[in-house]
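Undergrad: Requesting a structural model of the entry that follows:
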Amino acid sequence: MSESPRYFEDFETGQVIDLGSFPAIDEGDMSAFSAQWDPGVHARPSDGSPSDLPAASGWYVGAITMKLLVEGLLNQCAAEGSPGLDRLDFLADVHPGDVLSGRYTVLDASPSASRPTIGKLRARIEAYNQRQERVLAIEATQFMGRRP
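TA: Predicted coordinates for the structure are as follows:
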């Protein structure tokens, strides 16, 4: 965490935070992840496109999005965990060579009624490809420490 972390009070409803980008998707890494963690069929695009490039596992895209979230935001915050996801949507195929970027949008920010030292953020976390097509969307709740 940086010397001056972001606290709950540093977030407001409607705020959008750029989470940075992930290097171009490597087909070998994508295939290795799928073989170990999601061995289903990922060889054909599900969007009906004529491309014969393999499509990444949605869980691989989710893992990349989580890395963007942690490195682009949570490592600089007084993060206190999450009770879970409200929604997870795999929206478009991701292929080798795609470059993903992330965005965090605060949907709601409210102090915790039961724990005065934290606030609750409802957020949308999204991943986009290099054509700015949304490939993944998550809605989640996160707990953030309040400024001491």
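Undergrad: just checking, what packs against the helix or strand bottoming out on mean pLDDT in the chain?
TA: One helix or strand of the chain scores below all others by mean pLDDT, DSSP states H and E: helix 27-37, with a mean of 92. Judged by 3 or more Cβ pairs under 8 Å, 6 or more residues apart in numbering; DSSP states H and E, the packing partners of helix 27-37 are helix 58-72. C-beta: built from backbone N, CA, C; applies to glycine.
Undergrad: give me every residue that touches the residue positioned nearest the centre of the chain.
TA: Residue closest to the average C-alpha location in the chain (Cα atoms, centre = their mean): Thr65, at 3.4 Å. Residues in contact with Thr65 (Cβ atoms under 8 Å, 6 or more residues apart in numbering) are Leu100, Gly102, Ile125, Glu126, Ala127, Leu136, Ile138.
Undergrad: Glu27 too?
TA: So Glu27 contacts Pro54, Pro96 (Cβ under 8 Å, 6+ apart).
Undergrad: what ranges of the protein fall below the confidence cut-off?
TA: Scanning the chain for pLDDT under 70 picks out 1-3, 41-51.
Undergrad: which residues in it form strands?
TA: Taking DSSP state E, the strands of the chain run over residues 16-22, 84-90, 100-111, 118-128, 134-145.
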